[in-house]
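Engineer: sequence plus predicted model, see below.
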Amino acid sequence: MADHSTGRTWDPIVAPWHLDEHIPAFPVPAGVTETICPSLPAGPVPGRMDLLHQEVAEAAARANRPLLLTGDCPTARAAVAGLQRRHRDLAVVWLDAHGDFNTPAITASGYLGGMALAMLTGRTPGLFGDALGLRPVAETSVVLADARDLDPAERDALTASQVRRVPADPAAITSALHEIGGTPVYLHLDIDVIDSAQLPGLRFPSGPGPSLTQIEECLAAVCATADVAAAGIACAWLPEHVSDQATRETITRLARALGTDLAWHEPARS
């Protein structure tokens with residue numbers, strides 16, 4: 001699926017999981033490159049996630065330009081690990097209503113999804129094995145956009161970090177990318193960054209925020225400014241809403257902002 005602005009091909013990869021829980025109703029576009037559905041053994045959640053992420057990393061490494069559709073944010077560690085097999089350095093642009101910068105030491109809930117960006121920057125040692133070979137991304141190479149919904153300790157950790165925090169605004173993100181330079185980018189979007197009034201059925205709605213149109217403009221700005229080596233959309237709807245027609249329409253619009261058109265099979269009728 002070609003990026004209309006550059007002619008480069010996107011390879012959609014679907015990982016229909018939230019942490020270690022399979023999401024059977026997750027929408028899968030027509031013409032997808034790979035759908036990642038391993039059989040995971042019983043055991044602790046991080047171990048199960050690690051096995052899943054190994055398969056996602058392999059798929060990302062094989063793909064020319066991965067576009068990962070998944071049900072959570074931690075799967076980004078797999079995509080980045082796969083990209084690192086052919087890129088010495090990577091920058092990360094992370095659009096999210098949350099900071100995802102909690103760690104096991106500071107989390108109030110223990111929720112692993114709230115640690116995804118901390119995982120990428122090496123702040124969660126010992127949480128997973130080292131099978132992915134993930135190298136920490138330098139905090140100075142991370143742009144975190146929006147992050148309006150933060151836990152107190154998470155806010156303190158971000159303030160003390162070197163992560164570049166900006167509003168979900170195309171000009172602000174573009175400026176931050178110019179400061180980073182020409183390092184290839186992994187572009188991550190959690191759909192809950194969008195104003196929750198526009199997206200019913202989110203797992204973790206965060207109230208008023210940027211509109212879907214504003215986020216489309218942010219994605220287009222990143223693609224126009226940076227060498228986007230891969231992208232990921234965390235489709236963080238509740239399982240009973242993830243297959244809604246409105247959900248597919250939102251994913252379609254976001255993918256189009258990245259420069260590609262997704263087509264969908266008609267959902268099965270009961």
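Structural biologist: Sure thing, it's come through. Residues are numbered from 1 along each chain as shown.
Engineer: where do the strands sit along this structure?
Structural biologist: For the chain, strands defined by DSSP state E occupy the ranges 11-15, 17-18, 21-22, 34-35, 66-70, 91-98, 142-149, 164-166, 185-190, 228-234.
Engineer: adding distance to A116, write these out as JSON lines.
Structural biologist: Where C-beta positions appear, they are placed from N, C-alpha and C, glycine not excepted. Formatted as JSON lines, the strands of the chain follow (distance: least, CB to CB, whole Å):
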{"stretch": "strand 11-15", "distance to A116": "13"}
{"stretch": "strand 17-18", "distance to A116": "12"}
{"stretch": "strand 21-22", "distance to A116": "16"}
{"stretch": "strand 34-35", "distance to A116": "21"}
{"stretch": "strand 66-70", "distance to A116": "11"}
{"stretch": "strand 91-98", "distance to A116": "8"}
{"stretch": "strand 142-149", "distance to A116": "11"}
{"stretch": "strand 164-166", "distance to A116": "16"}
{"stretch": "strand 185-190", "distance to A116": "8"}
{"stretch": "strand 228-234", "distance to A116": "8"}
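Engineer: make TSV from those strands and add mean neighbour count to it.
Structural biologist: Shown next, in TSV, are those (neighbours: other CB atoms under 10 Å):
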stretch	mean neighbour count
strand 11-15	24
strand 17-18	24
strand 21-22	15
strand 34-35	16
strand 66-70	26
strand 91-98	26
strand 142-149	23
strand 164-166	19
strand 185-190	26
strand 228-234	25
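Engineer: minimum distance to H241: which of those strands has it?
Structural biologist: Taking CB to CB, strand 17-18 is the member of the strands of the chain nearest to H241, at 12.6 Å.
Engineer: please name every helix or strand in contact with the closest one.
Structural biologist: With contacts taken as 3 or more CB pairs under 8 Å, 6 or more residues apart in numbering; DSSP states H and E, strand 17-18 sits against no other helix or strand.
Engineer: what pairs with it, and is each one parallel or antiparallel?
Structural biologist: Strand 17-18 sits in its sheet next to strand 21-22 (antiparallel), going by DSSP bridges.
Engineer: related to what we said a few turns ago, including mean pLDDT, could the strands of the chain go into a markdown table?
Structural biologist: Listed next are the strands of the chain as a markdown table, based on pLDDT from 0 to 100:
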| stretch | mean pLDDT |
| --- | --- |
| strand 11-15 | 98 |
| strand 17-18 | 98 |
| strand 21-22 | 98 |
| strand 34-35 | 96 |
| strand 66-70 | 98 |
| strand 91-98 | 98 |
| strand 142-149 | 98 |
| strand 164-166 | 98 |
| strand 185-190 | 98 |
| strand 228-234 | 98 |
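Engineer: nearest to G82, of these?
Structural biologist: strand 66-70 (7.1 Å).
Engineer: who touches the closest one?
Structural biologist: With CB atoms under 8 Å, 6 or more residues apart in numbering as the test, strand 66-70 has contacts from 1, 10-17, 26-27, 29, 33, 56, 59-60, 75-76, 79, 82-83, 230-235, 251, 255, 258, 260.
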